[in-house]
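[1] coordinates only, no sequence provided:
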């Protein structure tokens, strides 16, 4: 497995490119860097049949989001609202920021 640098972060808005949820947008809930996957809210919803464990924890069918591979999503720029690739830029102060490849604004 390659150790590529993941440029997406928790809280970013992404658009789904392929799969059953293609065309939908959502916010990233979790990033799984070892598996190169992310979990997006209300996307790739899976149903789990859970057995009742205690009196307080009910059983039944629980819906939760499943992970999606990074290659199937693309970042939506918060300033120009277009799907874009991500670039990196070093500021004069030495800070590294992510930059939208279409509008040039920092993300």
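    Structure received. Just so it is clear, the structure is predicted and the values come from calculations on it, not from any experiment. Numbers count the residues shown, from 1 in each chain.

[2] list the buried residues in the host helix or strand of residue 47.
    Secondary structure from DSSP states H and E places residue 47 in strand 45-50. Residues of strand 45-50 include none that count as buried (16 or more other CB atoms under 10 Å). Glycine gets a C-beta too; all of them are placed from N, C-alpha and C.

[3] strand partners (parallel or antiparallel) of it?
    Applying DSSP bridges to the sheet, strand 45-50 is found paired with strand 60-65 (antiparallel).

[4] after the partner strand comes which helix or strand?
    Past strand 60-65, the next helix or strand by DSSP H and E is strand 67-69.

[5] what does that following strand rub up against?
    16, 19, 30, 32, 35-40, 43-44 (CB atoms under 8 Å, 6 or more residues apart in numbering).

[6] equivalent analysis for stretch 85-92, please.
    7-8, 74-75, 96-101, 106-107.

[7] quick one: end-to-end length of stretch 56-67, please.
    28 Å (CA to CA, to the nearest Å).

[8] name the residues of that stretch that are buried.
    Result for stretch 56-67 [16+ other CB under 10 Å]: buried residues 65, 67.

[9] low pLDDT regions in the chain?
    1-4 (pLDDT under 70).

[10] which residues are in contact with the residue most central in space within it?
    The centroid of the chain falls nearest to residue 28 when counting by CA atoms, centre = their mean (3.6 Å). The contact partners of residue 28, by CB under 8 Å, 6+ apart, come to 8-14, 38-41.

[11] A helix includes residue 98, no?
    No: read with DSSP: H, G, I helix; E, B strand; the rest coil, residue 98 is strand and lies in no helix.

[12] that one touches residue 106, doesn't it?
    Yes: using CB atoms under 8 Å, residue 98 is in contact with residue 106, at 6.7 Å.

[13] so what strands line up beside the host helix or strand of the residue nearest to the centre of the chain?
    Using DSSP H and E, residue 28 falls within strand 25-32. Its sheet considered, strand 25-32 pairs with strand 13-16 (antiparallel), strand 37-40 (antiparallel) by DSSP bridges.
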